[in-house]
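[1] Kindly return the folded structure for what I paste below:
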Amino acid sequence: MRFLVTGGAGFIGSNFVAKLMSENLGQVLVLDKLTYAGHLATLRRWEGHAGFRFVQGDIGDRLTVRRLLADFAPDVVVNFAAESHVDRSIDSAGEFIATNVAGSYALIDETLTYWQSLDGARSKAFRFQHVSTDEVYGSLGATGEFTETTPYAPNSPYAASKAAADHFVRAYHATHGLPITITNCSNNYGPYQFPEKLIPLALLNALEGKPVPVYGDGLNIRDWLYVGDHCKAILQVIDQGRTGETYNVGGNTERTNLDLLQALFAALKDERELIAQAGTFDTGIDYAGLITFVADRPGHDRRYAIDSGKLRAETGWEPVEDLVSGLRKTVRWYLSNLEWCREVTEDNYNRQRLGFGERASG
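    Below you'll find the predicted structure:
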């Protein structure tokens, strides 16, 4: 199979590319704009591989997308391309609208034209897989879970932009018959996650004995999903999912942010030997003592929880990693790839607080 993977230099996209390449599942063409969170260092191990090709470009650039669709002739388009950090969307939503809304629209529109040019067998086999988030559903109360029929109620500019993209993708199936699937996932963690997100930020700060910021009271709840399990789910949806359908992907691992950090710190303590081998960190740090409560994020959703029953029933998917094993793998990966962390953050992010929501006057 031939996979066109947009946003393949980002966190989840690069892990998906790694799964395709390491398991020899097909030829891969990555299209990525290489914004601050997309970096060639994430894809370096595949350079020169006969089944891999990278093109720097924007999904909103119709001419580039049109040329790649015609030249590469993919069997599957998997759209990971997105601005994804809620805090950045609070400070400025423009890039989120440009990529997540206008870019997704341009991509799906060009894909429709390409799909309509395919012959019967290839047309029938083609799939456009759109990767989205549980944040489009808004916030849950103390009980219940998001299902595929939960009404959309996004509360952040990021979530609103992803909701708009979901609606466009769904509409192109309903209006034009384009064979699409949509996945809405819970919070991912694992290798290659840019260090602005909670787990890698807390991990790196803790190693260095720096404050670990926690928004509000730290009791916001998220369902945590190891990125490798998410990538497996996407492949199973592409292979077995019904066109036009949405599938929720969750880790069945609800934790408050404070409980998550305690689990992360426990994983760090279990890796004292590996930390010592790094040679620059104090293995005796009281990580829990570094927790520092900061002003809450504006519009901060209180709780997310995913019901993955439809995905499990129709594809047989099950997550392999629980939170303990997933965090262990994550901690070991970051400890072994500190140079990657330095390379991708150099000159563009120093772990500062984002998302104050303050707007310039005048």
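
[2] And F281, how far from L204?
    F281 sits 10 Å away from L204, going by C-beta to C-beta, to the nearest Å. In this view, the C-beta of every residue, glycine as well, is placed from N, C-alpha and C.

[3] overlap in contacts of those two?
    The overlap between the contact sets of F281 and L204 (C-beta atoms under 8 Å, 6 or more residues apart in numbering) is empty.

[4] Low-confidence stretches in the chain?
    347-362 (pLDDT under 70).

[5] I'd like the next helix or strand past the longest helix along the chain.
    Among the elements of type helix in the chain, defined by DSSP state H, the one spanning the most residues is helix 157-176. Following the chain from helix 157-176 toward its C-terminal end, the next helix or strand by DSSP states H and E is strand 180-185.

[6] Measure how that following strand sits relative to helix 157-176, angle-wise.
    On the basis of axes from the mean of the first three to the mean of the last three C-alpha atoms, to 10 degrees, strand 180-185 is oriented at 160 degrees to helix 157-176.

[7] partners of strand 180-185 in the sheet?
    Strand partners for strand 180-185, identified by DSSP bridges, are recorded as strand 127-133 (parallel), strand 245-249 (parallel).

[8] ok, whatever helix or strand comes next after it: who's next to it in the sheet?
    Sequence order places strand 187-189 as the next helix or strand after strand 180-185, per DSSP H and E. For strand 187-189, sheet partners with direction are given as strand 221-226 (parallel), following DSSP bridges.

[9] For the residue nearest to G10 when sequence neighbours are not counted, list the residues it contacts.
    Excluding its sequence neighbours, the residue lying closest to G10 (C-beta to C-beta, 6 or more residues apart in numbering) is G38, at 4.8 Å. G38 makes contacts with 7, 9-10, 32, as judged by C-beta under 8 Å, 6+ apart.

[10] which SS class is G38?
    Using DSSP: H, G, I helix; E, B strand; the rest coil, the secondary structure recorded for G38 is coil.

[11] separation between it and F3?
    Taken as C-beta to C-beta, the spacing of G38 relative to F3 amounts to 17 Å.

[12] about what we covered before: turn the strands paired with strand 180-185 into TSV, including distance to A73.
    Rendered in TSV, the data for these read as follows (distance: least, C-beta to C-beta, whole Å):
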stretch	distance to A73
strand 127-133	14
strand 245-249	25
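
[13] Which of those sits closest to N337?
    strand 127-133 (23.5 Å; C-beta to C-beta).

[14] So what touches that closest one?
    For strand 127-133, contacts defined as C-beta under 8 Å, 6+ apart pick out 12, 75-80, 82, 84, 104, 108, 111, 115, 159, 162, 165-166, 169, 178-185, 234, 237-238, 243.

[15] out of the residues you listed, which are buried?
    In terms of neighbour count (16 or more other C-beta atoms under 10 Å), the buried residues within those are 12, 75-80, 82, 84, 104, 108, 111, 115, 159, 162, 165-166, 169, 178-185, 234, 237-238.

[16] Which parts of this protein are strands?
    Taking DSSP state E as the test, the strands found in the chain are 2-6, 27-32, 52-56, 76-79, 127-133, 180-185, 187-189, 212-215, 221-226, 245-249, 254-256, 291-294.

[17] Let me have those in JSON lines, adding distance to R88 as columns.
    Converted to JSON lines, the strands of the chain look like this (distance: least, C-beta to C-beta, whole Å):
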{"stretch": "strand 2-6", "distance to R88": "19"}
{"stretch": "strand 27-32", "distance to R88": "18"}
{"stretch": "strand 52-56", "distance to R88": "21"}
{"stretch": "strand 76-79", "distance to R88": "20"}
{"stretch": "strand 127-133", "distance to R88": "15"}
{"stretch": "strand 180-185", "distance to R88": "19"}
{"stretch": "strand 187-189", "distance to R88": "16"}
{"stretch": "strand 212-215", "distance to R88": "15"}
{"stretch": "strand 221-226", "distance to R88": "18"}
{"stretch": "strand 245-249", "distance to R88": "23"}
{"stretch": "strand 254-256", "distance to R88": "23"}
{"stretch": "strand 291-294", "distance to R88": "16"}
